[in-house]
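>>> Please work out how this folds:
(chains A and B)
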2 protein chains.
Amino acid sequence: MTRRDGPDQALKIVGQSAPRLDAVDKVTGRAVYASDYVVPGMLEARILRSPVPHARIVRVDASRAEALPGVVAVLTAADVSDIDPYYGPAFKDQPLVAIDRVRYQGEPVAAVAAIDAATAEAAVELIDVAYEDLPVVETIDDALADGSARLHGALRTSGHFRDLRALAPIPGTNVCHRYHLRRGDVEEAFASADVVLENVYTFPAVQHCALESHVSIAAWRPDGIEVWSSAQHPFPVRRELAEMFGVPQHAVRVHVPLIGGAFGQKCYTKMEPLAVALARKAGRPVRVALSMAEAFLTLTRHGTRVRIKTGARRDGSVVARKVELWLDTGAYADVGPRVTQKAGYRSIGPYRFAGVEVDASCIYTNKVPAGAFRGYGGPQASWAGESQMTELAHALGMDPVAFRRRNLLGRGDEYQSGDTPIDGDLHGQLDRLEEVRGAPGDLPPDCGRGIAIGFKDGGGTHTVSNSIVRLHADGSATVGSGSVEIGQGARTVMSQIAAEALSLPLHHVRVPEPDTDATPYDQGTSASRSTTLMGYAVWQAALDVRRQLVALAADAFEAPADVIRLADGAAIAGQRRLTYADLIARHYGLAGGELIGSGVFRPGVFSGPLGGSTTFWEAGIGFAEIHVDRDTGEIRVLRYLSTVDVGRAINPALCEGQEEGAAMQGLGHALREELVFERGQLLNGSLIDYAVPTIEALPREFGAILIEHGDGPGPYGAKGVGESGIVAPAPAIAAAVHAATGVWVRDLPMTPERVWRALRGMDQREPGPGG
Amino acid sequence: MTRRDGPDQALKIVGQSAPRLDAVDKVTGRAVYASDYVVPGMLEARILRSPVPHARIVRVDASRAEALPGVVAVLTAADVSDIDPYYGPAFKDQPLVAIDRVRYQGEPVAAVAAIDAATAEAAVELIDVAYEDLPVVETIDDALADGSARLHGALRTSGHFRDLRALAPIPGTNVCHRYHLRRGDVEEAFASADVVLENVYTFPAVQHCALESHVSIAAWRPDGIEVWSSAQHPFPVRRELAEMFGVPQHAVRVHVPLIGGAFGQKCYTKMEPLAVALARKAGRPVRVALSMAEAFLTLTRHGTRVRIKTGARRDGSVVARKVELWLDTGAYADVGPRVTQKAGYRSIGPYRFAGVEVDASCIYTNKVPAGAFRGYGGPQASWAGESQMTELAHALGMDPVAFRRRNLLGRGDEYQSGDTPIDGDLHGQLDRLEEVRGAPGDLPPDCGRGIAIGFKDGGGTHTVSNSIVRLHADGSATVGSGSVEIGQGARTVMSQIAAEALSLPLHHVRVPEPDTDATPYDQGTSASRSTTLMGYAVWQAALDVRRQLVALAADAFEAPADVIRLADGAAIAGQRRLTYADLIARHYGLAGGELIGSGVFRPGVFSGPLGGSTTFWEAGIGFAEIHVDRDTGEIRVLRYLSTVDVGRAINPALCEGQEEGAAMQGLGHALREELVFERGQLLNGSLIDYAVPTIEALPREFGAILIEHGDGPGPYGAKGVGESGIVAPAPAIAAAVHAATGVWVRDLPMTPERVWRALRGMDQREPGPGG
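Okay, the predicted model is just below:
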């Protein structure tokens, strides 16, 4: 189900739901994913992983593995003493194989490159490692306890994020970053409140469960490093490999084939350094392809505990909010400090508070590292914040929609003083949802409805995307875009943007896969930034070529530039017409040569020299209608609608796909998913034991509603999409559960057992993630 | 031995004989040549070639071949009826496999793609073809005879060359192009001459004998074609494949790995269409790797007959020249019309004639096609023209050097009215040679000395090169250059140009291999154009980035741009210094993003809106000192020196290598090489039967003398080099033979038998190439 506002009739390609350009290849199996990629002569790698969560490595003896026929190289810490073996987007705290110490169960300790996978697997079993156990820091509380084991010593920052340069680890603790936000006088504001609620909400560690796991193939050559990897951030990976292995960036070439889903798990450096180090030792290309079980041992979403207090006046106006968040980042920080910052920032919600106080902590424990996952802390923060908004509405005796409407920031308002003004239309989305949500009396027994706002800053403010557009002598174009095709349709969207700007048919434009030798810089495929930021650079590069075409046509027609019209690969002035091929041949004197345009998104392009607080706001709302089985506690989602202000949908079908995918993933988090650890051991790290939603969990009515005002800062008024949809489901469903049953659920996931216990007034909170 | 003039002390990298960047890889065997390239899943192809020179194809039955286990596809003419199966840079006259008719012995008739080479080879033997012989047009005289068989009907031009758009085939004949040049009143000029000589000179068909033969790997995908090929012209190949297979240029990706020598044999489209058609049918990548024997069946240098008449006055001034050239282009024109034009144009020589008349004809015969080969008709034309200049000096009783000096065009003179003025310093080179050539009395018996001018227009006037230079966040750079590394050192030279322009250390610059998806357009690697034209584009692109760096530094230092100095990867103003990495980080706000510059060479850049007649003149002189064994007729070259005006040597050692390689190849043509055909059958098409010079043929004293005035139109005053050196050896040695023995040799090669016969006054001219 879809409704869109304001299509622009002047646009020919933008705004059309063009079929994905890779659709046929993908459905026929011809598409080459990272997993399918073959580099001639490559070896297969297998990784020996720590069986214990925290231990000193006493001895590693690889001699028996090395002696196995077919084994080409065994990599241990001893092999990386001549390089900088540490990586990480926030801190350089993670070694490519464990050095002296393991910090989580599943951490790579050694790796084998062999002629085939079976040999590598057999060899891994022959590596003898002796461990001496260290105390396990299992939970947030363990980590914060006095006298707990310290996971890391002094931390070396990576310098990658401008706004994380001043990372704030607390020396001598397991807190690797603290984020603080203050607005107004929060105590005075609370004093003015008539109703104050304070609760603790928990959100467990969850896993991305992309269909394809991590794949990195590396080749080591005297003149450089070549890597094919399922990387969402090929350019930061290039940078990190250059730093680690001590070569210039031009000597590191990163290719990214098609990726079978990522959702953040492939952000920043992952298996690439291990693959490069193995290839360096083996003297041959090496492929490191993780199993799905190994993906569970590579990255998770932060299990999070949120203590939140919100105050409101009797008239329905909120006045104050105080939030404490603890994010469990596992054994290595990964991008946890950034997630912590975002979780803290996003915990306020889009409301007019007079006073706000937020403290968020990123905490090391002996568990699988947690890092990027669609929404970056937003789901955890909104689970608490939006749930409490609903609870507060109830406490005030108000309809939750009316209560939110009373307090919502509108377009042009500031989230915080000095922030980029809100550009998302939440009021309009509430109107739309009210049209479709149905009258209260419609509902059968044990059913309920709920909404929650999915609101976040988007796009990566302090990031850069460069693009080059090349118009060939036949009038077809190649577009350089570093956005990675992870299934979201980036290549199709970039092609549409360029084709529209160049007035070319869509099939006359091609966007090759990212290759750092060929594709100009892009910060990465995350934060809903591709269409808006990378798309902006593509748009500008295409417009640069367009200007050159117009100038050539003006010269050819001896006419002023402003009478030249471009359409369908040709320049037109009155009755005269020259194709782009004609213009290029005329310019260069024969049928060769090309026109080159470049474009850039950089901080400040959208919002002044400081770049604003965000490039755009991603504003959506989730609406859930559910049924609770009082006997089993099972929640069935009957209807789920996700609205989102997309500015302009470059490709509406792809926007809907993003939004629906996000909502479905959010339903999984709300109802099913949870990584269970026991004494640092991951108990359910496989798709057999870990419950992702399947097609059976699909609500009877399910869809996205796109709001388009054409007012986003991206090309043709586009904004990012695909993350707000994952933020809203859990609090929307919790609201619906309360509407249906009168109980408040504050711990995720809302499994039948937990709901059943809640219905019976039993304690819902089991010893779980986030302590 | 080397001497250079005028090094520029201000240059840091340009002018240095930096070791080739690929040297270590090449000498250690790690370098990946086209022959080494592996595409996963690729099949091996073998080609069935016609055993007869001219026949109608009555039947092709591939059924037995198709039934052989391991055979995936057999390609015959029936498989290409849905595409345009014809290619060719001048005329689209050459089918990728023979259609209905074969026109030379060795022409591809069918091809097999199989799981390995042995299977493909066995399958080729199983293809049953029935031929019906047609009359064989073996020689130029056969081709021109009344009633001879016509090889082609109407000819379709390719439109590739601007100045060959008006190709002039003579309908109903085997003449596919005629070139005419008239200057002054030639009859009147001859009437004023005191001495007139008229001779016929012949130059046989020869082969390039690059160490590596042709390799093309092709993959066919629904969204496009990918080719890895040993192609000197990747972009024209892309264009031709796009046209043949009916796809936009953006959908054809051509990669060029390292090539083991080319010398013109890999110019324009060669085996790529066959590889693509096979891959299309097989549904898998296919590798077409020719044997050395097959290279002999793919392309040759035009066997040429030249009738030349030159008149001079008693005072030593030349007045008139009349030249008729017949170039045997074999069964398909390839770039023969262009070679014919160049041979005709270059046959005048750099002398002040009052009247000139040139007629050159490009003629089809039933032999292996002839096309591009180092010097494009120059060696053939100068063999006649320079030999006759020496004969004329003798007839006038003048020293050949003094005679030339009397008539040579100087810098700034026009070759023809309206042509680009001469920029090469031939007088200075004569001075230099006189310093080293030694006194006549020095010589032992049966020894002689000779010189000849190697003079040609260079660079490809109506061509385009685009370049993109990307400066990465760490201050290292990637340079887009479409010049192919064929052993001449193009990548090293482009790196030096970019490093100099960017004030970067050489190892901070990288030039990836050409890849039409990544590398901007370049017309091709031929005509000594790379350093000057592609290098110009690289230079301009680097200077574009340099300007951006200066602007960023001016902003950072709050200083005027003209006080900013760039050195060693940093901007400096007084005591202040910021590295490029600092400037980029400051510009983009974090350590990402890149600076992009673009540059272009296009017609007119060097010499006004029409582009002049040439981008530069390649002017050199060959000096030979030889001994003739009167008993055997064997010529031993004792000393050979090749001088050349390079403008500025970007890398002197590479310039010398080019010049010496050209001279050595010229010595082969002078003394040994000749393709022998009998009734259309090539008799010596292998390295066993065909005699290329080996290290034993190396003269005792051998070297290049580079003349540098820094006045070329290319980067830092560079000009092209590497072709004049092949032009001079044959006439220089013939002059020396005359000096030693008193006989004139007018047919090549100067084999012992031919010299022996000449010494005995016997007819030298055997029925040979060029009739």
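>>> What's the local residue count around A:Glu634?
Residue crowding around A:Glu634 was assessed by other C-beta atoms under 10 Å in any protein chain shown; the count is 16. C-beta coordinates here come from the backbone N, C-alpha and C atoms, glycine included.
>>> got the phi/psi numbers for it?
Main-chain torsions, A:Glu634, degrees, to the nearest 10: phi -70, psi 130.
>>> The helix or strand harbouring A:Ser467 close to chain B?
Using DSSP states H and E, A:Ser467 falls within strand A:465-471. Yes. Strand A:465-471 comes into contact with chain B when judged by C-beta under 8 Å from any C-beta of the partner chain, the residues involved being A:Asn466, A:Ile468, A:Arg470.
>>> what's the angle between that strand and strand B:465-471?
Our comparison of strand A:465-471 with strand B:465-471, counting by axes from the mean of the first three to the mean of the last three C-alpha atoms, to 10 degrees, yields an angle of 180 degrees.
>>> Not including adjacent chain positions, what is the nearest residue to A:Gly410?
On the basis of C-beta to C-beta, 6 or more residues apart in numbering or on different chains, the spatially nearest residue to A:Gly410 that is not a chain neighbour turns out to be A:His427, at 6.1 Å.
>>> what's the pLDDT at the residue of the stretch 451-600 of chain A found nearest chain B?
Among all residues of the stretch 451-600 of chain A, A:Ala518 sits closest to chain B, at 2.9 Å; criterion: C-beta to the nearest C-beta. As summarised for this prediction, A:Ala518 has a pLDDT of 95.
>>> How far away from the center of its chain is the helix or strand containing the residue nearest to A:Gly410?
Remark: A:His427 resides in helix A:426-437, with elements defined by DSSP H and E. From the chain centre to the centre of helix A:426-437 is a distance of 27 Å (C-alpha atoms, centre = their mean, to the nearest Å).
>>> what about that helix, average pLDDT?
Looking at helix A:426-437 alone, the average pLDDT works out to 92.
>>> Mind listing what's buried along it?
Along helix A:426-437, these residues count as buried under the neighbour rule (16 or more other C-beta atoms under 10 Å in any protein chain shown): A:Leu426, A:Gly428, A:Gln429, A:Leu430, A:Arg432, A:Leu433, A:Arg437.
>>> now for it, which elements pack on it?
Using 3 or more C-beta pairs under 8 Å, 6 or more residues apart in numbering or on different chains; DSSP states H and E as the contact criterion, the elements in contact with helix A:426-437 are helix A:400-407, strand A:447-458, strand A:616-628, strand A:635-645, strand A:701-707.
>>> so what does the longest one touch, helix or strand wise?
Just to be clear, that refers to strand A:616-628. Under the contact criterion of 3+ C-beta pairs under 8 Å, 6+ apart, strand A:616-628 touches helix A:426-437, strand A:447-458, strand A:635-645, helix A:652-671, helix A:724-727, helix A:729-741.
>>> Mind doing that once more with 6 Å?
If you count contacts as 3 or more C-beta pairs under 6 Å, 6 or more residues apart in numbering or on different chains; DSSP states H and E, strand A:616-628 packs onto helix A:426-437, strand A:447-458, strand A:635-645, helix A:724-727, helix A:729-741.
>>> Mind putting those into TSV with distance to B:Gly647?
TSV is the format used below for the helices and strands packed on strand A:616-628 (distance: least, C-beta to C-beta, whole Å):
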stretch	distance to B:Gly647
helix A:426-437	67
strand A:447-458	55
strand A:635-645	61
helix A:724-727	62
helix A:729-741	70
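>>> Please identify the most buried of the ones you listed.
With neighbours taken as mean count of other C-beta atoms under 10 Å in any protein chain shown, these reach their highest mean count in helix A:724-727, at a mean of 32.
>>> most residues in a single helix of chain A, which one?
Secondary structure assigned by DSSP state H gives helix A:535-557 as the longest helix of chain A.
>>> is that helix up against chain B anywhere?
No. In terms of C-beta under 6 Å from any C-beta of the partner chain, no part of helix A:535-557 sits within range of chain B; the closest distance is 9.3 Å.
>>> If we go by neighbour counts, what in that helix is buried?
Neighbour-count burial for helix A:535-557 flags A:535-546, A:548-550, A:552-554, A:556-557 (criterion: 16+ other C-beta under 10 Å).
>>> and it, C-alpha only, in PDB?
Only the C-alpha atoms of helix A:535-557 are listed here, as PDB (Å, rounded to 0.1, in the frame of the first residue of the first chain):
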ATOM      1  CA  GLY A 535      23.300  11.200  -4.800                       C
ATOM      2  CA  TYR A 536      24.000  14.900  -4.500                       C
ATOM      3  CA  ALA A 537      27.600  14.500  -5.700                       C
ATOM      4  CA  VAL A 538      26.300  12.400  -8.600                       C
ATOM      5  CA  TRP A 539      23.700  15.000  -9.400                       C
ATOM      6  CA  GLN A 540      26.300  17.800  -9.300                       C
ATOM      7  CA  ALA A 541      28.700  15.900 -11.500                       C
ATOM      8  CA  ALA A 542      26.000  15.200 -14.000                       C
ATOM      9  CA  LEU A 543      24.900  18.800 -13.900                       C
ATOM     10  CA  ASP A 544      28.500  19.800 -14.600                       C
ATOM     11  CA  VAL A 545      28.400  17.700 -17.700                       C
ATOM     12  CA  ARG A 546      25.000  19.100 -18.600                       C
ATOM     13  CA  ARG A 547      26.500  22.600 -18.500                       C
ATOM     14  CA  GLN A 548      29.200  21.500 -20.800                       C
ATOM     15  CA  LEU A 549      26.700  20.100 -23.200                       C
ATOM     16  CA  VAL A 550      24.700  23.200 -23.200                       C
ATOM     17  CA  ALA A 551      27.800  25.300 -23.900                       C
ATOM     18  CA  LEU A 552      28.700  23.100 -26.800                       C
ATOM     19  CA  ALA A 553      25.200  23.300 -28.100                       C
ATOM     20  CA  ALA A 554      25.100  27.000 -27.800                       C
ATOM     21  CA  ASP A 555      28.300  27.200 -29.700                       C
ATOM     22  CA  ALA A 556      27.000  24.800 -32.400                       C
ATOM     23  CA  PHE A 557      23.700  26.500 -32.800                       C
END
